[in-house]
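[1] pasting the sequence and the predicted model now:
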Amino acid sequence: MNQCRVTAVSRKEGEASARAGLDDPPEGWDRINPSTGAPVGIDKGFAYAPGASGDMPLRQLVQDKLISYPPAIAKALAADIGRYITATEAASTFAARVLSDTSVNNPCWLGFVEDAPGISAAAGHDVTGYLVTLPSDAPRHVLASHGNDGNGQRPALAVDYDQVLTVLNAADTLKPGALGRNRNATVVAYKQIGGEGFRAVFEVLTGKKNRALALLSLVIKTPK
């Protein structure tokens, strides 16, 4: 395995080396090694983060890092990372897609839990580093169960799902909910946005490879 090194030389030695062509790269230096995807002679350390397993999902790696940091640092890091590597598509686009295509069954990754102390208190479980996800069946459930009620409640639109992460991470109130599916704890988050009240219920998933707060329901209502 090739390694980088630096050798100090005088100006005179450097100029002599250049005149002799000793600084020129060897023939074929830019040929790509098919097994590493990098130029021949380049250690794969240039192509990946040291210590990161090639088959470890980025989200899992970040989760593990967040858990080891103090709360204030973890919160700031979760918010910052979430701006860049949250979802492969917007929540609103995903919601519209699952409502029109019932064969879609994968969840949409929205971001990370940012207010870990507050959300953990409501969850009754430490959720530092947890993902926030939008399961494919959540928009379908909301459409079927939470439409107009004649008392200020309206159906959730696809665009409303873009607010879900904010409702949780910047909630006006957080409280424990009733036990959800499989007797999992739930968190009820409420936030007023644009004169409307968004009430979102999240299921707390504590699996070793599935640590997440998954949206169960979303109710949007104009406060009286």
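    Okay, I see it.
[2] quick one, helices of the protein?
    With DSSP state H as the criterion, the chain has helices at 11-19, 58-68, 71-85, 91-100, 116-123, 137-145, 164-169.
[3] from the contact counts, what lies against the fifth one?
    The one in question is helix 116-123. Using 3 or more CB pairs under 8 Å, 6 or more residues apart in numbering; DSSP states H and E as the contact criterion, the neighbours of helix 116-123 among helices and strands are helix 71-85, strand 173-176, strand 186-193. In this view, the C-beta of every residue, glycine as well, is placed from N, C-alpha and C.
[4] hmm, try it at 6 Å
    Here helix 116-123 touches strand 173-176, going by 3 or more CB pairs under 6 Å, 6 or more residues apart in numbering; DSSP states H and E.
[5] buried residues, the strand it packs on. List them.
    Using 16 or more other CB atoms under 10 Å as the burial criterion, the residues of strand 173-176 that qualify are Leu174.
[6] equivalent analysis for stretch 153-160, please.
    Within stretch 153-160, the residues that count as buried by 16+ other CB under 10 Å are Gln153, Ala156, Ala158, Asp160.
[7] what sits against the residue nearest to Pro176 when sequence neighbours are not counted?
    The shortest distance from Pro176 to any residue that is not its chain neighbour, by CB to CB, 6 or more residues apart in numbering, is 5.4 Å, and that residue is Ala122. For Ala122, the contact set (CB atoms under 6 Å, 6 or more residues apart in numbering) comprises Leu174, Lys175, Pro176, Val187.
[8] look up which residues are beta-bridged to the second one.
    Okay, so that is Lys175. On the basis of DSSP bridges, Lys175 is bridged to Val188.
[9] show the pLDDT at it.
    pLDDT recorded at Lys175 is 97.
[10] separation between it and Val187?
    Applying CB to CB, to the nearest Å, the value for Lys175 to Val187 is 8 Å.
[11] kindly report the same for Arg199.
    For Arg199, the distance to Val187 (CB to CB) stands at 11 Å.
[12] neighbour count: those two, which is higher?
    For the pair Arg199 and Val187, the greater number of neighbours falls to Val187 (28 against 18), based on other CB atoms under 10 Å.
[13] pretty sure the more buried one sits against Ala200.
    No: in terms of CB atoms under 6 Å, Val187 does not count as a neighbour of Ala200; the distance is 8.7 Å.
[14] nothing else from me, thank you.
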